[in-house]
Each structure stands twice: as C-alpha cells, then as structure tokens.
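> Okay, structure incoming, though there's no sequence with it:
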C-alpha cells in the first residue's frame with residue numbers, strides 16, 4: 001500500500017514536470033527542449049506500469065476491505081488520468097516542434113496562465129491525496145471552471161488571428177490543438193479530485209461540474 005501511494009505521488013510529480021517543461025519550450029520556441037520532453041514521457045509510462053503491478057499485487061495478496069480497498073481502487077483510477085496528462089504534455093512538445101516561429105506575447109501569457117493553473121491544481125489534488133483531505137480535493141475540482149473560461153478566450157483569439165492572416169493558419173492550427181489538450185488536462189485533474197474525494201469520504205462529489213465551451217457559454221453535463 002505504501003509503495004502504491006508513493007508511485008502515485010511520483011507519477012503526479014513526473015507529469016507536472018513534463019507539463020512545465022513543455023510549456024516553457026512552447027513559450028521560448030525551443031525545439032530541442034520540446035524534443036527532450038517527448039523522450040522523457042517514457043518515465044511516466046513506466047510509473048503507470050508499476051502502479052498497475054502494485055494494484056494487482058495488493059488485490060491478490062491482501063484481500064483489502066473498506067478504506068484500503070477504496071485506496072487501491074482510487075490509485076488504479078488515478079493513474080490513467082495522470083498518464084493522460086503526461087500525454088498532453090508530450091503532445092504540446094510535439095506540436096511545439098512544428099511551429100514555424102515563437103508565439104507572440106499575448107498568446108504566451110494565456111498559455112502560461114493555463115499551464116500554471118493546471119500545475120497548481122495538480123499539486124493541490126496530490127496534496128489532497130497525501131493528506132486524505134476531502135475539502136482540498138473539492139477545491140481542486142471547482143478550479144476547472146476558470147480554466148475553461150480562459151481556454152474559450154484563447155480559442156476565440158486564435159480563430160480571429162487565423163481568419164485575419166492566412167499565414168498564421170498553420171501555426172494557429174497547432175496552437176488550437178495545444179490549447180485543447182491543456183483544457184483536457186485540466187479535466188483529468190478534476191477527475192482525479194473526484195477519485196480522491198470518493199476515496200476519503202466514500203461518497204461522490206455532488207452537483208454537476210460547470211463547463212465553458214469554445215463559445216464562452218457555461219454548460220452542465222446535461223446540456224453539453
């Protein structure tokens with residue numbers, strides 16, 4: 001159980017580091033740094049394999065009950081979400097290598113904000129996991145709405161820039177994919193928060209998770 005918990009923390013730290021480095025490479029237009037991020041994603045895959053092995057071993061050998069069983073199930077569900085965040089970091093780095101020029105200051109600021117918010121959310125939800133703090137998990141879960149709103153604004157900015165200047169279409173398309181990947185990474189962090197909350201309390205988080213689509217319109221899961 002201790003090994004399982006440690007590997008979840010290690011995987012969270014690994015993908016947070018990948019995401020931070022991928023965003024730094026994007027804002028600097030550094031293709032070499034972006035390539036290094038792509039190559040480092042193998043470490044996240046290896047950590048997920050370890051978590052799967054620990055989960056299987058714990059279920060087969062310990063016959064866990066109640067709290068231990070919830071912890072094992074939470075870890076098994078959190079690991080794929082963490083690995084997907086690493087994949088979005090890797091995809092950000094891959095698309096950065098395809099950009100013809102560095103991004104402008106306006107875009108850099110918006111991408112920096114999104115990345116910083118996701119990393120902060122990830123650190124917070126990992127702390128909630130370590131401390132078994134349901135309230136902290138709830139805070140991380142609620143943070144996603146503001147991230148979605150910034151993504152909607154970034155989406156509009158890129159579409160306007162591409163329509164105004166056809167020479168920006170190629171790079172703009174790559175940046176749209178990067179922005180969507182970051183928005184999805186935020187969704188995975190909120191999924192992790194839900195798993196932590198369930199692990200600690202034995203109950204799911206209540207209420208629809210607010211979302212903001214590309215048009216800037218707030219929706220609930222029933223409406224989207």
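Great, that's in hand. Fair warning: this is a prediction, and the values are worked out from it, not measured in the lab. Residues are numbered from 1 along each chain as shown.

> Helix, strand or coil: sort out the nearest residue to residue 161 once chain neighbours are set aside for me.
Spatial nearest neighbour of residue 161, chain neighbours left out: residue 168 (5.3 Å); criterion: Cβ to Cβ, 6 or more residues apart in numbering. (Each C-beta comes from the backbone N, C-alpha and C, glycine too.) Of the three states, residue 168 takes helix under DSSP: H, G, I helix; E, B strand; the rest coil.

> ok, residue 168 touching residue 160?
No. Using Cβ atoms under 8 Å, residue 168 makes no contact with residue 160, being 10.0 Å away.

> Quick check: pLDDT value at the residue nearest to residue 161.
Looking at residue 168, its pLDDT is 91.

> What distance do you get for it to residue 141?
For residue 168, the distance to residue 141 equals 36 Å [Cβ to Cβ, to the nearest Å].

> Who has more neighbours out of those two?
residue 141 (24 against 17; other Cβ atoms under 10 Å).

> which element is that one on?
Assigned by DSSP states H and E, residue 141 belongs to helix 134-142.

> starting at the chain centroid, how far to that helix?
Centre-to-centre, helix 134-142 and its host chain are 15 Å apart (Cα atoms, centre = their mean, to the nearest Å).

> And that helix, what does it pack against?
helix 105-131, helix 169-201 (3 or more Cβ pairs under 8 Å, 6 or more residues apart in numbering; DSSP states H and E).

> For that helix, list every residue counted as buried.
134, 136-138, 140-142 (16 or more other Cβ atoms under 10 Å).

> At the geometric centre of the chain, which residue sits there?
residue 185 (2.8 Å; Cα atoms, centre = their mean).

> Any figure for the gap between it and residue 115?
Counting by Cβ to Cβ - residue 185 and residue 115 are separated by 9 Å.

> tell me the pLDDT at residue 13?
With respect to pLDDT, residue 13 has a value of 95.

> Could you list which residues are in contact with it?
residue 126 (Cβ atoms under 8 Å, 6 or more residues apart in numbering).

> One more: the one 3 residues further on?
Under the criterion of Cβ under 8 Å, 6+ apart, the contact list for residue 16 reads 119, 122-123.

> Only the buried residues of the helix or strand it falls within, if you could.
Secondary structure from DSSP H and E places residue 16 in helix 2-28. Buried residues in helix 2-28, counted by 16+ other Cβ under 10 Å: 4-5, 7-8, 10-12, 14-27.

> Give me the helix or strand of this structure that scores worst on average pLDDT.
Least confident element among the helices and strands of the chain, by mean pLDDT, DSSP states H and E: strand 218-219 (a mean of 46).

> distance of the residue nearest to the centre of the chain from residue 16?
10 Å.

> Fine by me, thanks again.
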